[in-house]
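> dropping the sequence and predicted coords here.
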Amino acid sequence: MKKYLVLLPAAAVIVAGCANKEEIDTLQRELIEVKQEVSQLKEKQSKMESDISNLSRRVDEVSKVASQNAIEIQKMKTFEKPTGAPIENLPREGEEKVKFPQNPEELYKYGLDNYYKGKIKEAREAFQEFVKKYKDSELYDNALFWVGQTYYVEGKYEEAIKKFDELIKGCETGEIKDCNKLPAAMLKKGFSLEKLGEIDKAIKLYQKIIQKFPDTEEAELARKKLEVIQ
């Protein structure tokens, strides 16, 4: 009987040791699973960020094609041959001042060409000239958008927002009649707000884009943005 009494405490220690080992093994497995989930989430976020970058490029390319198409449509409507000096040989007056094309379609194309060549300042000046002279043009909202976009690519987000707001408010009040650039202006305003750290305002704007323009490229990009920042 004494032998059994001596052995029982030892058995209890062994059982307790096994229980602790099982708990440790369980915790280790759970830790491995958590690490795997974190790794998967990081991969998913990285893919989302890549998708957003690709979609952003697609939006700019679509904007370029749409703008060029708008020019052709405008030409067909007027049945007029564009006038003004060829874009490539525009004369300069002094070092800074440029003699812009006098035809609105040529002026707009001049701004767009400069933008895609990376001549941001020249592009902005052309679009500003267009906005000042041709408020009744079908390309007015496009030109106003590109003024804001030139500020955006320079990292001048507050200036960009002012121009995007000018377009957005003009469309909402009816002051601007042709508003094909409205979704793009709202989206780029959201991007600008994010850059300035105003995430809550950006989220509300993305939600508004999805609600008002659900089937657009801008809505798709807004959804991707919400997946990342919410």
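Yep, that arrived.

> quick one, grab the pLDDT at Lys162.
As predicted, Lys162 sits at a pLDDT of 98.

> one more: Thr173?
Looking at Thr173, the pLDDT reads 96.

> list the buried ones in stretch 195-215?
Glu198, Lys201, Ala202, Ile203, Leu205, Tyr206, Ile209, Ile210, Phe213 (16 or more other C-beta atoms under 10 Å). Using the backbone N, CA and C atoms, a C-beta is placed for each residue, glycine as well.

> Asn114 is in contact with Glu122, isn't it?
Yes: assessed by C-beta atoms under 8 Å, Asn114 is found in contact with Glu122 at 4.3 Å.

> need the buried residues of stretch 195-215 in JSON lines (columns: secondary structure, pLDDT and distance to Leu187).
Output for those, formatted as JSON lines (DSSP: H, G, I helix; E, B strand; the rest coil; pLDDT from 0 to 100; distance: C-beta to C-beta, whole Å):
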{"residue": "Glu198", "secondary structure": "coil", "pLDDT": "97", "distance to Leu187": "15"}
{"residue": "Lys201", "secondary structure": "helix", "pLDDT": "97", "distance to Leu187": "13"}
{"residue": "Ala202", "secondary structure": "helix", "pLDDT": "97", "distance to Leu187": "10"}
{"residue": "Ile203", "secondary structure": "helix", "pLDDT": "97", "distance to Leu187": "13"}
{"residue": "Leu205", "secondary structure": "helix", "pLDDT": "98", "distance to Leu187": "8"}
{"residue": "Tyr206", "secondary structure": "helix", "pLDDT": "97", "distance to Leu187": "8"}
{"residue": "Ile209", "secondary structure": "helix", "pLDDT": "98", "distance to Leu187": "6"}
{"residue": "Ile210", "secondary structure": "helix", "pLDDT": "97", "distance to Leu187": "11"}
{"residue": "Phe213", "secondary structure": "coil", "pLDDT": "97", "distance to Leu187": "9"}
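
> tell me which of those is nearest to Glu158?
Distances from Glu158 to the buried residues of stretch 195-215, taken as C-beta to C-beta, are shortest for Glu198 (10.7 Å).

> over to Leu139: give its phi and psi.
Phi and psi for Leu139, reported as degrees, to the nearest 10, are phi -100, psi 10.

> distance of it from Gly170?
Computed as C-beta to C-beta, to the nearest Å, the Leu139 to Gly170 distance reads 14 Å.

> low-confidence ranges in this structure?
Within the chain, the stretches with pLDDT under 70 are 1-19, 53-98.

> how does it look with 50?
Scanning the chain for pLDDT under 50 picks out 1-8, 11-15, 72, 74-96.

> now do the helices in it.
Using DSSP state H, the helices found in the chain span residues 2-78, 104-116, 120-133, 140-153, 157-173, 182-195, 199-212, 217-229.

> list the buried residues of stretch 168-176.
Neighbour counts over stretch 168-176 (16+ other C-beta under 10 Å) mark Ile168, Gly170, Cys171, Ile176 as buried.

> just put the residues you listed in CSV and tack on distance to Leu107.
Output for the buried residues of stretch 168-176, formatted as CSV (distance: C-beta to C-beta, whole Å):
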residue, distance to Leu107
Ile168, 24
Gly170, 20
Cys171, 22
Ile176, 18
